[in-house]
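Asker: Predicted coordinates and the sequence they were generated for:
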Amino acid sequence: METIEEFETFVRDRVVALHMGLPQKISARKLSYAIGQSAGYINKIETGQSLPSLSGLYYICKYFGITPKEFFDDGPVSYTHLRAHE
């Protein structure tokens, strides 16, 4: 990631990959609420309208059971560490 645009795209794509990789499908709205945010929070990140704050990124990582280091790892997302949510 050499430019801010590449960084923004990486963050968006990683959130999408984590969300779509959940064993049990959950709407973006429910995921937003699950991490203590407003209804459209995850949708805005996934569509490139906004980026998560540092605290938002922390709660996204916590929800998926990964560390921030794992979030920013350039490798594929490991779904074996994801927590199942209802």
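Answerer: Structure's in. What do you need? Given the structure is predicted, the values throughout are model-derived calculations rather than measurements.

Asker: Ala34 contacts Ile26, doesn't it?
Answerer: Yes: at 7.4 Å, Ala34 counts as touching Ile26 under the criterion of CB atoms under 8 Å. (C-beta placed from N, C-alpha, C; glycine too.)

Asker: Look up how far Glu70 lies from the spatially most central residue of the chain.
Answerer: Against the mean C-alpha coordinate of the chain, by CA atoms, centre = their mean, the closest residue is Val15 at 2.9 Å. As judged by CB to CB, to the nearest Å, Val15 and Glu70 stand 13 Å apart.

Asker: same question, Gly36
Answerer: 21 Å.

Asker: do Ile60 as well
Answerer: Taking CB to CB, one finds Ile60 at 12 Å from Glu70.

Asker: longest helix anywhere in the protein?
Answerer: Ranked by residue count, the top helix of the chain under DSSP state H comes out as helix 4-20.

Asker: buried sites along it?
Answerer: Across helix 4-20, burial judged by 16 or more other CB atoms under 10 Å covers 11-12, 14-16, 18-19.

Asker: how about the residues you listed in a markdown table, adding distance to Gly65 and pLDDT?
Answerer: Output for those, formatted as a markdown table (distance: CB to CB, whole Å; pLDDT from 0 to 100):
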| residue | distance to Gly65 | pLDDT |
| --- | --- | --- |
| Val11 | 18 | 96 |
| Arg12 | 20 | 96 |
| Arg14 | 14 | 95 |
| Val15 | 15 | 96 |
| Val16 | 17 | 95 |
| Leu18 | 10 | 93 |
| His19 | 13 | 94 |
